[in-house]
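Engineer: Need a 3D model of the sequence below.
(chains A and B)
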Amino acid sequence: MRQIRGTLVRLFSFLGRDRRERELADELESHLQLHIDDNIRAGMTREAACRQALARLGGIEQTKERYRDRASLPWLDMALQDLRGSMRLMRRTPGFTAVAVLTLAFGIGANTVMFSVVNTVLLRPLPYHDPEQLVSVQALGQNGARITTAPPDFYAFRERNRTLDFLDAYYAGSFNLTGGQEAERLPGLIASSGFFSSLGTPPVMGRGFIAADEQWGSHRVVLLTDGLWKRRFGANPAIVGDSISLNAQPYTVIGVLPPSFSFLGRDLQVFVPMAFEPGDNMNSHNNYFLNMFGRLKPGTPAATASANLNRVAEDIIREQPLNRGMSIGMSPLREVLVRDVRRSVLVLLGAVAFVLVISCANLANLLLARGAVRAREIAVRTAIGATRSRLLRQLLTESIALVAMGGLASLAIAYLSVNALNLLSQRILPRAEAIRIDAAVIAFMFGVVALTGILCGLVPALKNSAANLNEGLKDGPRTASAGGASHHLRASLVVAEVALSLVLLIGAGLLVKSMYRLLNVDAGFNAEGVLTMQVSLPPQKYVDVQLERRFSPLAYSRAIRFFADTIEGVRSLPGVRAAGAINGLPLMGEVWSKNLTMFDRPLPVNIRDLPSYQYRVVVGGYFRSMGIRILNGRAFEDTDTQDSPTVVIVNREAVRRFWDGEDPIGKIVSLNPPRELWPEDLLRQARVVGLPDDYSPPTFTVVGVVDDVRDGGLTSPALPTVYAPYAQASEGATTMFLTVRTDGDPLGLVPGIRERIRQIDPTQPVASIQTMEARLSASVSQRRTEMSVLAAFALIAVLLAAIGIYGVMSYWVTQRQREIGIRMALGAERQQVVRFVLRQSSAMVAIGLLLGVVGAFIVTRVLRSLLFEVTPTDPTVFALVALILAASGSVAAYLPARRATRVDPVVTLRHE
Amino acid sequence: MGGKTDVWQGTLALMILKTLEMLGPLHGYGIARRIEQTSAGRLTINYGTVYPGLLKLEQEGYISSEWGVSENNRKAKFYRLTRAGRKQVERAARDWQRANEILARFLAMGEQSS
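Structural biologist: Residues are numbered from 1 along each chain as shown, chains lettered A, B, ... in the order given. Here you go, the predicted model:
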C-alpha cells in the first residue's frame, strides 16, 4: 500500500522537477560542507578534508543519477522520450505516415465492419430464451426437397413425439384491420398455441396463447406487436380485452408483445392462434402449408429428437400412404434465418481475409523499407553506445505510435461505415439493424495488423549486430549484393499482394458480369410503366364458406364482382392502357402449386403421380398490362364468364413439359384431381358436406399459350403454369395483385385507384404498392449488394497493392541511384532508364499475376453458386482484370522511375 | 543485480528509520555517519547511497523532510519519522527478530544432530 503511494508520487514527478534538482544540489553541497567541517575538526587539512569528503560521498553525478531514477519512473521517462521522437519522425515523413495510417485504417476498419456484419448475421444467437435448444423441424419430400406440412400431420407429430418440449407450427396470413382509422392490411402469423411458450418470450401485457385458443369458436383472439399497439392504438394501456375487427370478424386482444420481439426477421404485426373449423378442407392431407419448429427437451441432442420424429413420420406414413417418402430434417432454428445469405456472406468474409493479408503485407513492406533506410542511423547509434534493448524499445515505440494512429483512423472508418450500412441494407440482410461493432472484432483485427507492424518495425534493430556495424557505417548507398536479400523479401511481399488483389478483383469481376447478364435476361414480361398493388379481400365478407366447401363456383361470386368492378373502374382512369389482376406476380416464387390432370392420356394410378404446375387466376387484361406475349391461340376476354365454357391458358414451359411441344390448343385438362383419384378422407369429406356422389371437378379447355415468365426470380427457370379466368376457377384466391400499365408515372395513378376501390368497398385497404420495376430491382438487390461490396474490397486491394509496388520500386530506385547515375552519364536516354526501372517492376507484377491467375482458378470455384450464366473461369474477366492490375502496377512503378531520371547524374556520382 | 540491490535497499531503509527513531530529526550526512558508526566499521557504504534511500522513504510517507540549520550553523535538510514511519520501524524490527529466531533454531538443529 505504501508502495502504491510511492509509485503515485513518482508518477507525478514531472511536477517540480527543477526545484527537486536544485534542492538535491543544495543538499549534497550541504552534506559535503558538514563532512568537511567534521574532518577539519578531526584534524585534517582543508585540502585533505575536502578530498576525503568527496571520496566518501562516492561520486556526485552517480548519486544524482540514482536519485533521479528514484525520483521518477525511468521507464516512463524513456517511453515518453521515445514517443516524442516517434511523433517527430512521423511529422518529418508525412507521405510515409499517411500511407501507413491509411493502410491500417482500411485494413482494420473496413474489415472490422464486414466481420461485424457476418458476426451479427451468422453467429449471434436468436433473441429468445435459451436459443440453442430451438430447432427448425423441416418436412422433406421424396427427393429430399423442403416441403411444408399438412395440419393433421403436424398434430400427429406434436402429440406423438417424445423428445421435444414444444412443437409448433406457423404460417403467414394477412389481416384487414378496419374500424376507426383508415383500413389497413396487417401481415401476421397464424401459429399453434405453444408458439410463445416455445420461444420463451412472454407478452408484456396480457397473456400468450393457451391450448384452448386452438378450439374453433374460441380462436378469435389476437396478440399485437408493440409497434402496432403504439402506432394504431396509441399505446392504450387498457387494450387487453378490447375487440378489434380483423377480416371483418371481431377479435379480442389478449396481449401485447415486448418491443424487442421479432420472429426470424419477418415483418409481422399480429399473431392469431391456429384453428380450423370442423370439416375445413385446409385441415386435411390435401393442404400443405405449415412450417414447424420446436424446443428440444433439456439434455436431448438434436440427433435423438430427429430420429424420434422420423419414427413418428414412419407411423404417419403407414396410416397415410399418401405421405410416402416424407422424412424429417432438423437444424438449429438460427439457420432458417441465414440460409439465403450464408454463401454470400462467407464469400465476403473471404474478401475480408484477403484485404487483411494485403494490408499486413503492405505495412510490412513500408516498415521494412523505412528500416532499410534507417539502417545507417541505427549503425551510428550502436557505434556510439546504444544498447540493443534501448534501440528495440525506441523502434517499438515508433511502431506502436504508428499503429495506434492507424487504429484510431480505423475506428473512425468503422464507425462511419456501420452507420451507413445500417441505413442502407435494412432489407437485404436479416436483422441488419442489429449490426454493432463488436469490441472483440476490432481487437482481433487490430491485433493482427498491429503485430505485423510491430514485428516489421523491429527488424532493422534485430538485423544489426556488431558484425555488420562496419558495413552499416560505410558511406554511400549499398552495393547490390548487400541490399539483395531484403529486396527479395520485399519484392516477394509485393508479388503476394498482386496475386491476392488479382483473385479478389477477378471475383468481383465475375459478379459484375453475372449482374450484367442477369439484368439482360428475358424475364418474359415488360416491367416498364407497370404499377402493382395487393388487394386482400377478407374471406368472411366475400366468400360463401358453405358453398366453397361444396366446391360450388358460386362461392366466390362476391369476390368476382369486386375484382371485375375494380378493373373496370381502373381502366377508366386517364393514362391507363391496360389493367388486370393475378393471384401471384412474377418474381414471387411458387405462389400456388397444384397437380394437373390431362385427359388426352390415361390417368396415373396414384394421385401423387400427377405433375405439379403453378396455378394462377387472372382478371381482365392481365397479360396485356404486363406485356406478356401471346404465342398461340387467344387471351382471356370479357366473354369468359362464370356461365361460358371453362377455358385455360398455359405457358410455354407447360407445353414443353406436359405435351412435349405439341400444340395444346383444344386439349382438355382438370385443375384439380378427378374423383377417380380421390383418397379416402377426401371422399369422406365430400359426403359430409353433401356433395353428390358423382361430383368431379370441372374440366377446362386450353385456348391459348403465353410466353414464360420468371416466377422464382430472374435466375430461376420458368415453371409450367396454367392460367384460369378468375370468374371460372377462382378457388381460394382472395388475395390478388392488380397490375396496371400506364403511359406516365405509374405511382401517379395510386390516388385514383384507391378512390375507385373505395367507391366499391370503403373498408377495403390496398397494400404493397410498388411499380413492377421496383420489384424487379428489389429481387436483385441482394446480388447487387454482394457485387458492390466485393468490388469495393477488390478496389481497395488493388490500391494497396499499387502502393506496395510504388514503395518497393521507390526504394529500389534509391538503392540503384549510383547505377542509374552511371548509365545516364554514359549517355542513356531518359526513356531507356525508365524502361530499365519498369522492367524490374514488371517482373514482380508478372509473377504476381501468374500466381494470382492460378489462385483464382482454384478459389473462384467457390463463387459458382453466386454466378449467373458466367463460369468461374471466364476468360474475358480474367484477361481484363490482369490488364487492369498490370496497368496499375506500371503506373505505380512509373512515378519512381521518372523520379530516378530527374536526378542530375553528376550529383549522384559525386555523392560517392 | 536486481535482487542484491533490493535486499540492500530494504536493510538500508530499516537502518535509516531506526537511526531517526533513536536520534530524532537528523540530516542526510548525519544519518550516513551514524549508520557507519553503528555497524562498527563492518559496513563501508558510499554516503551518497543514503539519499536515494531517503527519497524512497519520503515518497512512501515514512519520513518527512524540512530545511533547517545544523549545530555549526550550516543549512541542511532534516528528516524526521512520521507516525507511519514509527509503526514501520516497530513492525520491521519485529519481523527481523522473528526471522532471526527461526533461522537460529534451524542452525541449532543442524549442530545438535551432528
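
Engineer: Which single residue of chain A ends up nearest chain B?
Structural biologist: Proximity of chain A to chain B (Cβ to the nearest Cβ) peaks at A:Gly58, 2.7 Å away. Where you see a C-beta, it was placed from the backbone N, CA and C, and this is true even at glycine.

Engineer: and the gap between A:Ser842 and A:Arg899?
Structural biologist: For A:Ser842, the distance to A:Arg899 equals 18 Å [Cβ to Cβ, to the nearest Å].

Engineer: A:Gly329 too?
Structural biologist: Distance, A:Gly329 to A:Arg899, by Cβ to Cβ: 65 Å.

Engineer: Tell me where the stretch 201-350 of chain A is predicted with low confidence.
Structural biologist: By pLDDT under 70, the low-scoring segments of the stretch 201-350 of chain A are A:265, A:338, A:340-341.

Engineer: residue boundaries of the helices in it?
Structural biologist: Secondary structure of the stretch 201-350 of chain A (DSSP state H, counting those that start in this stretch): helices at A:226-233, A:302-319, A:334-338, A:342-373.

Engineer: hmm, back to that, ok now do the residue of chain A closest to chain B, which residues does it touch?
Structural biologist: By Cβ atoms under 8 Å, 6 or more residues apart in numbering or on different chains, A:Gly58 lies in contact with B:Asn46, B:Tyr47, B:Gly48, B:Thr49.

Engineer: Nearest to A:Ala53 among those residues?
Structural biologist: Distance to A:Ala53, by Cβ to Cβ, is smallest for B:Tyr47 among the contacts of A:Gly58, at 8.6 Å.

Engineer: B:Ala32 is in contact with the closest one, correct?
Structural biologist: Yes: look at B:Tyr47 against B:Ala32 with Cβ atoms under 8 Å: they come within range, at 4.2 Å.

Engineer: So those two - more neighbours on which side?
Structural biologist: Using other Cβ atoms under 10 Å in any protein chain shown, the more surrounded residue of B:Tyr47 and B:Ala32 is B:Ala32, with 27 against 23.

Engineer: what about A:Thr641, which SS state?
Structural biologist: Following DSSP: H, G, I helix; E, B strand; the rest coil, A:Thr641 is assigned to coil.

Engineer: Please apply the same query to A:Met736.
Structural biologist: Secondary structure state of A:Met736, per three-state DSSP, is strand.

Engineer: Report the beta-bridge partners for it.
Structural biologist: When bridges are called by DSSP bridges, A:Met736 pairs up with A:Val535.

Engineer: roughly how far apart are it and A:Arg616?
Structural biologist: 10 Å.

Engineer: shared neighbours of these two, which are they?
Structural biologist: A:Ile582, A:Asn583.

Engineer: of these two, who's got more company?
Structural biologist: A:Met736 (27 against 24).

Engineer: Can you name the residue of chain B nearest chain A?
Structural biologist: Closest point on chain B to chain A, by Cβ to the nearest Cβ, is B:Asn46, at 2.7 Å.

Engineer: count of neighbours near that residue?
Structural biologist: If you count neighbours by other Cβ under 10 Å, B:Asn46 ends up with 14.

Engineer: Give the residue spans of the stretch 501-650 of chain A that score low on pLDDT.
Structural biologist: Along the stretch 501-650 of chain A, no part satisfies pLDDT under 70.

Engineer: could you list every residue that touches the residue lying closest to A:Leu83 once chain neighbours are set aside?
Structural biologist: Of all residues not flanking A:Leu83 in the chain, A:Thr397 sits nearest, at 5.6 Å (Cβ to Cβ, 6 or more residues apart in numbering or on different chains). A:Thr397 makes contact with A:Ala79, A:Asp82, A:Leu83, A:Gly85, A:Ser86, according to Cβ under 8 Å, 6+ apart.
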